[in-house]
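Q: model the following, please.
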Amino acid sequence: MARKVQQLDNDVQAIYEMLADIQATQKRQHNRLEEIAATQDGHSEVLASHTDVLAGHTDVLAGHTAALADHTATLADHGTKLDRIIALLEQR
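A: Numbers count the residues shown, from 1 in each chain. Next up is the predicted model:
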């Protein structure tokens, strides 16, 4: 009987040691997850900044697109005028 009690006591001690190891592992994992979360927060801030910059670039490109459309229309008008001038010169 004493042997059985001793074995049960040893089993309980082993379980407590395993639980302590599990608890230590969970604490390390928790700390690491907090580090990763902090890093991700930093990345989120950088990405938000990049998003703002890209939005600014999009606005600038939209302005360039509008200016290019105006220039294209102006060049088409000039082409039409030059065609008329050439036609008049050829009639002489």
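Q: now do residue 83, the pLDDT please.
A: The predicted local confidence for residue 83 comes out at a pLDDT of 97.
Q: where exactly do the helices run in the chain?
A: Applying DSSP state H to the chain gives helices spanning 2-91.
Q: for residue 40, see how far away the residue at minimal distance from the centre of the chain is.
A: The residue lying closest to the centre of the chain (C-alpha atoms, centre = their mean) is residue 47, at 4.8 Å. Between residue 47 and residue 40 the computed distance is 10 Å (C-beta to C-beta, to the nearest Å). In this view, the C-beta of every residue, glycine as well, is placed from N, C-alpha and C.
Q: one more: residue 21?
A: Per C-beta to C-beta, residue 21 is found 28 Å from residue 40.
Q: what of residue 83?
A: When residue 83 is compared with residue 40 (using C-beta to C-beta), they lie 62 Å apart.
Q: can you check residue 81 too?
A: Counting by C-beta to C-beta, the gap from residue 81 to residue 40 is 61 Å.
Q: with residue 87 instead?
A: Here the criterion is C-beta to C-beta. By it, residue 87 lies 68 Å from residue 40.
Q: do the same with residue 49
A: Between residue 49 and residue 40 the computed distance is 15 Å (C-beta to C-beta).
Q: hmm, what's the outermost residue in the chain?
A: If you look at how far each residue of the chain sits from its centre, by C-alpha atoms, centre = their mean, the farthest one is residue 92, at 66.7 Å.
Q: let me see the contact set for that residue.
A: Under the criterion of C-beta atoms under 8 Å, 6 or more residues apart in numbering, residue 92 has no neighbours.
Q: tell me how far it lies from residue 58.
A: Noted for residue 92: a distance of 52 Å to residue 58, by C-beta to C-beta.
Q: swap in residue 28?
A: Here the criterion is C-beta to C-beta. By it, residue 28 lies 44 Å from residue 58.
Q: again with residue 50
A: For residue 50, the distance to residue 58 under the criterion C-beta to C-beta works out to 12 Å.
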